[in-house]
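K.L.:
sequence first, then the predicted structure, then my questions.
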Amino acid sequence: MCPPYQEMGWESITPRGKMYYLRSHYMKGPLDRLLRRKTRIDASVAEAVYKCTSCGHCESVCPVDIPFSRTWDEIKQWTVDRGVANFPEHQAQMANVVQERNIYGEPHAERAAWLPEDAQLSDNPEVIYWAGCAASYRQQELGRAVIKILNAAGVRYNILGTDEWCSGGPLMRMGFVRYVVRELGPHNVEAVARTGVKALVTACAECYRAFGRDYREKGVGNPPFSVYHISQYVERLVKEKRLKLNKTWEKDLTFHDACHMGRNAGNFEAPRTAIKFVSKAKYTEMRRNRDDTLCSGASGGFNLVWKREARNIARRRLEEARATGSEVLATTCPHAEAHFKEVARRANIPIRVMDLAELIAESMEPTPKPEAEPEQAEPLEEPAAT
């Protein structure tokens, strides 16, 4: 099930291989030293550990329920602490976040430069929209699509601007867990909590996982607000009759489950419900979907170091999407979207890749804004959980 193993074929990079390395280190003794058996955790072992997209597929199929997703984060942190994991590409992203609070190293002062002129920010917001690094700097059309949705539904919202720092999701997958737990997580939770809102909405699968799962698991604490992906929040808005989606899609489409929202955070159905709201065109599931979804290859820092293999993983997924006969591939991860677009362009695969929020924004009808601001609505469900 391991995507890097499917591309590279080395037993050492499978979950079993990684565990064998660790067991050898733990069980080393005098005879190992005498026979010069390799039991030391060095750069080659760290490389095997990092040949991982953090997709969580090994955990979902494990017959004895080993929590691999959390285990890989901890092992990567251990190799970073021991100084044997030294990938320049990962160190560069870490430096970017330390200096500019985003993984791209763009000026932190321009964090909110993407905000459109028609944004209707409220001093008494119902929700905070968490844009994330991708929508703030690289895929600004995603942020604008979310604003369009919130405007159409008459939602009172605001953003944090420069108070929004990287969620730390990508860094945790690269072994920098300690920094996220000490610096990024506490700041981000406190920045949202200070606004007094009861809900955070994001369109980024990695940020959704960070707030909904990672912060609790890693010891940052339980955020005192609900965490929604935009697909979940759209479902709520439609049920409350605040948002009407009635534009008929004329192109057949399929959907890619982002690993951090699906397998790693347990949310498979909300995006499909949103697609039902916006499309009367033919919707076809790919052969591998939900828990069995093939990773895009864009996460875990894997695509930064092993670019060719990451592109091959994405190409296999794109070809699976094309096999459904669909013209559009929707997803909920901006990093997967960008990766798919690059690979589709390089491989000349004729399919349009877009974020689910952009699909929703193109398929809605505004509802009349109430004369008086409604009372702050209580969440219809618990925050994202594993």
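P.N.:
Happy to help now that I have it.
K.L.:
so what's the closest residue to Pro107 other than its chain neighbours up against?
P.N.:
Excluding its sequence neighbours, the residue lying closest to Pro107 (C-beta to C-beta, 6 or more residues apart in numbering) is Glu100, at 6.4 Å. (Each C-beta comes from the backbone N, C-alpha and C, glycine too.) Contacts for Glu100 (C-beta atoms under 8 Å, 6 or more residues apart in numbering) come out as 106-108.
K.L.:
what's the answer for Thr331, then?
P.N.:
Here Thr331 is in contact with 255-258, 296, 337, 340, 353, 355-356 (C-beta under 8 Å, 6+ apart).
K.L.:
residues in contact with stretch 285-292: which ones?
P.N.:
57, 60, 254-257, 262-263, 268, 293-294, 317, 320-321, 323-324.
K.L.:
just the terminal-to-terminal distance for it.
P.N.:
12 Å (C-alpha to C-alpha, to the nearest Å).
K.L.:
can you list the buried residues in that stretch?
P.N.:
Buried residues in stretch 285-292, counted by 16 or more other C-beta atoms under 10 Å: 286, 288-289.
K.L.:
what do you get for stretch 333-343?
P.N.:
333-341, 343.
K.L.:
let's have those in CSV, adding distance to Arg311, pLDDT and secondary structure.
P.N.:
Compiled in CSV, the buried residues of stretch 333-343 are given as follows (distance: C-beta to C-beta, whole Å; pLDDT from 0 to 100; DSSP: H, G, I helix; E, B strand; the rest coil):
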residue, distance to Arg311, pLDDT, secondary structure
Cys333, 16, 93, coil
Pro334, 18, 94, helix
His335, 14, 94, helix
Ala336, 13, 93, helix
Glu337, 15, 95, helix
Ala338, 12, 94, helix
His339, 8, 95, helix
Phe340, 10, 95, helix
Lys341, 12, 95, helix
Val343, 5, 94, helix
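K.L.:
farthest pair within these?
P.N.:
The largest separation in the buried residues of stretch 333-343, counting by C-beta to C-beta, is between Pro334 and Val343 at 15.1 Å.
K.L.:
can you name the element that comes right after the helix or strand of the chain with the lowest mean pLDDT?
P.N.:
When the helices and strands of the chain are scored by mean pLDDT, DSSP states H and E, helix 30-34 comes last with a mean of 68. Sequence-wise, the next helix or strand downstream of helix 30-34 (DSSP states H and E) is helix 43-50.
K.L.:
and that following helix, what does it pack against?
P.N.:
The contact analysis (3 or more C-beta pairs under 8 Å, 6 or more residues apart in numbering; DSSP states H and E) places helix 43-50 against helix 15-26, helix 68-81.
K.L.:
single out the most deeply packed of those helices.
P.N.:
When the helices and strands packed on helix 43-50 are scored by mean count of other C-beta atoms under 10 Å, the highest mean neighbour count falls to helix 68-81 (a mean of 20).
K.L.:
can you list contacts of that helix?
P.N.:
Helix 68-81 has contacts (C-beta under 8 Å, 6+ apart) with 15, 18, 22, 41, 45-46, 49-50, 52, 54, 56, 58-59, 62, 85, 172-178, 217-218, 264.
K.L.:
could you redo the last one with a cut-off of 6 Å?
P.N.:
15, 46, 49, 52, 56, 58-59, 85, 172, 175, 177, 264 (C-beta atoms under 6 Å, 6 or more residues apart in numbering).
K.L.:
got a winner among the residues you listed for most neighbours?
P.N.:
Met172 (29 neighbours; other C-beta atoms under 10 Å).
K.L.:
these two touch, right, that residue and Val181?
P.N.:
No: using C-beta atoms under 6 Å, Met172 is not in contact with Val181; the gap is 8.7 Å.
K.L.:
wait, what's in contact with Phe176?
P.N.:
Phe176 neighbours (C-beta under 6 Å, 6+ apart): Met94.
K.L.:
how close does it sit to Arg311?
P.N.:
25 Å (C-beta to C-beta, to the nearest Å).
K.L.:
now, among the buried residues of stretch 285-292, which is nearest to Leu304?
P.N.:
Nearest to Leu304 among the buried residues of stretch 285-292 is Arg288, at 24.5 Å by C-beta to C-beta.
K.L.:
what about the closest one? Give its phi and psi, please.
P.N.:
Main-chain torsions, Arg288, degrees, to the nearest 10: phi -110, psi 110.
K.L.:
state the pLDDT value of it.
P.N.:
Among the per-residue scores, Arg288 shows a pLDDT of 90.
K.L.:
before we move on, back to that, so which of the contacts of stretch 285-292 are in helices?
P.N.:
57, 60, 317, 320-321, 323 (DSSP state H).
K.L.:
now a ChimeraX select for only the buried ones of the residues you listed.
P.N.:
Buried residues within the ones in helices among the contacts of stretch 285-292, by 16+ other C-beta under 10 Å, are selected in ChimeraX with:
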select :57,60,317,320,321
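K.L.:
among the ones in helices among the contacts of stretch 285-292, which pair sits farthest apart?
P.N.:
Ser60 and Ala323 (22.8 Å).
K.L.:
the stretch 51-200 of the chain: helices as residue ranges?
P.N.:
Per DSSP state H, counting those that start in this stretch, the stretch 51-200 of the chain carries helices over the ranges 57-61, 68-81, 88-100, 132-133, 140-152, 169-172, 177-179, 185-194.
K.L.:
please consider this matter closed, and thank you.
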